[in-house]
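Student: all I have is the shape, not the residue letters:
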DNA sequence: ATGCAATAAGATGTATACAATTGGTGTGAA
DNA sequence: TTCACACCAATTGTATACATCTTATTGCAT
């Protein structure tokens, strides 16, 4: 359990999550414990723990007669997950506005947004890696703003669902037409959200965050309808029901 | 795994949840696996599975150096849990209004509300048991209305948290002054919620459900401030931090 | 007396053996 | 040919033994 030396449970958890997300298993089929344990180089005990956790995450589902199968998601499922993430993040923003946020935290959020500005104005057009990092930072701060550990955990939880996280589609979005314009739109929303929270405008903050989350929906639709060839590159998209 | 013959995991899960909810363990102390396993009459393997699930439910928390401890909740934690339940139930109601609900389901909800009416008008003043049952039924239908399995699961999940469920305080509420008047107020909210959903008024339905959830907060405050002697009778209230 | 270190006891993490249940396959009869 | 029943293989659920890591206690040195 030392640093950099993972426990068997962590190895099984990361390994299995990665296998499932990358679509290594046929959707709906049962995961045979012995075979998967051998594949991951661990025993059944930590593997079963890992499976329990992935069931809790929603990535696997229990079979009544025993064992687990890979969960499959319809596009409606993913849309609902994105909507719920937006709703809870929106609640975090509203609470932040209502209860007030420390100047230190507000400053950190402002720093993150300035970092995004710099990433957008980079000399070579866009510093993509920097954008992704600062975007994740801003969303993490938003969850923290609420002052509620429960809210923060719930947002993290929803973001674990495949394709529901704030940066789920960022890596492949680069191929989209109007990509940079979309990032600039998102950044204006970021600014407005932070302004609303600072001004203690709870309803405005909540509505803005909800709308902001729906950007992920647009990307989902683009990837599945217009550019299905990219599907293989987006982690978790393999779990989308083929219908 | 036959009917009525629980698996060891279920036995451990129900038993441990009950022990924790009833405050059999000192808050914050580590749960010794061997001792608890012996107490529950099972081995460590299913007990550890049960502990993992209770961690996912939020009832236990992991200790960094190994093992689990009983989670403690501040009143703010419980207030946040109630708020989040209200927010997600509100989203379910809004989605129901936006997407439409089948006449069959609407009819079932109406039946539940008529059952509550009858319970409130019983000759001996109040049929309490009937009220509780129909109230739970109405809230379950509300979750179902959304048409989203994810939403339904998240509402169930939030309702598992101690004191966050729609009927968490009902059993002890009888000792409150103005108790029946409070139930009538709640029932008027029920009617308004159903009307808003039927009329496809999403924003109204969402706002009403949020306000409805806050009734639980009032009961929480009453129990902890005015009638702390009742604390022992409410399951889960033992987990409230004594501060 | 206090602080640190070492040791021992006890707890958790992991592997594996065994039991019980499931699911498939093959054979037989209608 | 098809359905049913039985048997066998394979898989999951459970218990337990073992290894590793905590943690508390004791003793020693300052």
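Tutor: Alright, I've got the coordinates. Only a predicted model underlies this, so the values are computations on that prediction, with no experimental measurement involved.
Student: residues contacting residue A:33?
Tutor: Counting by Cβ atoms under 8 Å, 6 or more residues apart in numbering or on different chains, residue A:33 touches A:44, A:47, A:48, A:51, A:67. Glycine gets a C-beta too; all of them are placed from N, C-alpha and C.
Student: and the third one, which helix or strand is it part of?
Tutor: Think residue A:48. helix A:44-57 (DSSP states H and E).
Student: list the helices and strands that helix packs on?
Tutor: helix A:8-21, helix A:33-40, strand A:60-62, strand A:68-70, helix B:44-57 (3 or more Cβ pairs under 8 Å, 6 or more residues apart in numbering or on different chains; DSSP states H and E).
Student: out of these, nearest to residue A:159?
Tutor: Closest of the helices and strands packed on helix A:44-57 to residue A:159 is helix A:8-21, at 13.6 Å (criterion: Cβ to Cβ).
Student: check which helices and strands that closest one sits against.
Tutor: Helix A:8-21 packs on helix A:33-40, helix A:44-57, going by 3+ Cβ pairs under 8 Å, 6+ apart.
Student: contact partners of it?
Tutor: A:6, A:25, A:36-37, A:39-43, A:45-47, A:49-51, A:53-54, A:57, A:59-60, A:70, A:162, A:235-236, A:238-239.
Student: run the chain-centre distance for that helix.
Tutor: 17 Å (Cα atoms, centre = their mean, to the nearest Å).
Student: contacting residues for the residue lying closest to residue A:153 once chain neighbours are set aside?
Tutor: Nearest-residue entry for residue A:153: residue B:58, 7.9 Å, with adjacent residues in sequence omitted and distances by Cβ to Cβ, 6 or more residues apart in numbering or on different chains. Applying Cβ under 8 Å, 6+ apart, one finds that residue B:58 lies in contact with A:150, A:153, B:71, B:160, B:161.
Student: element containing the spatially closest residue to residue A:213 that is not a sequence neighbour, please.
Tutor: Using Cβ to Cβ, 6+ apart and skipping residues adjacent in sequence, the residue nearest residue A:213 is residue A:86, 2.8 Å away. Following DSSP H and E, the helix or strand that holds residue A:86 is helix A:75-99.
Student: can you pull the buried residues of that helix?
Tutor: A:75, A:77-97 (16 or more other Cβ atoms under 10 Å in any protein chain shown).
Student: likewise for stretch A:194-205?
Tutor: Here stretch A:194-205 shows A:194, A:196, A:197, A:198, A:201, A:202, A:204, A:205 as buried, counting by 16+ other Cβ under 10 Å.
Student: quick one, which of the helices and strands packed on helix A:44-57 gets closest to DNA strand C.
Tutor: helix A:8-21 (3.3 Å; Cβ to the nearest atom of the strand).
Student: burial count for residue A:114?
Tutor: 11 (other Cβ atoms under 10 Å in any protein chain shown).
Student: same question but for residue A:138, I mixed them up
Tutor: Per other Cβ under 10 Å, the neighbour tally for residue A:138 reads 22.
Student: near chain B at all, the strand or helix carrying it?
Tutor: Per DSSP H and E, residue A:138 falls inside helix A:128-145. No - Helix A:128-145 lies apart from chain B when judged by Cβ under 8 Å from any Cβ of the partner chain; the minimum separation is 12.6 Å.
Student: what's the nearest residue to the residue nearest the centre of chain A if we skip its chain neighbours?
Tutor: Nearest residue to the geometric centre of chain A (Cα atoms, centre = their mean): residue A:165, 1.6 Å. If the residues on either side of it in the chain are set aside, residue A:165 comes closest to residue A:159, at 4.0 Å by Cβ to Cβ, 6+ apart.
Student: three-state assignment of the one you found?
Tutor: Of the three states, residue A:159 takes helix according to DSSP: H, G, I helix; E, B strand; the rest coil.
Student: okay, now the residue nearest to residue A:27 when sequence neighbours are not counted: neighbour count?
Tutor: In this structure, residue A:27 finds its nearest non-sequential neighbour in residue A:72, 4.2 Å apart by Cβ to Cβ, 6+ apart. Residues near residue A:72, counting by other Cβ under 10 Å, number 16.
Student: now residue A:27: how far from DNA strand C?
Tutor: 17 Å (Cβ to the nearest atom of the strand, to the nearest Å).
Student: I appreciate the help and will end here.
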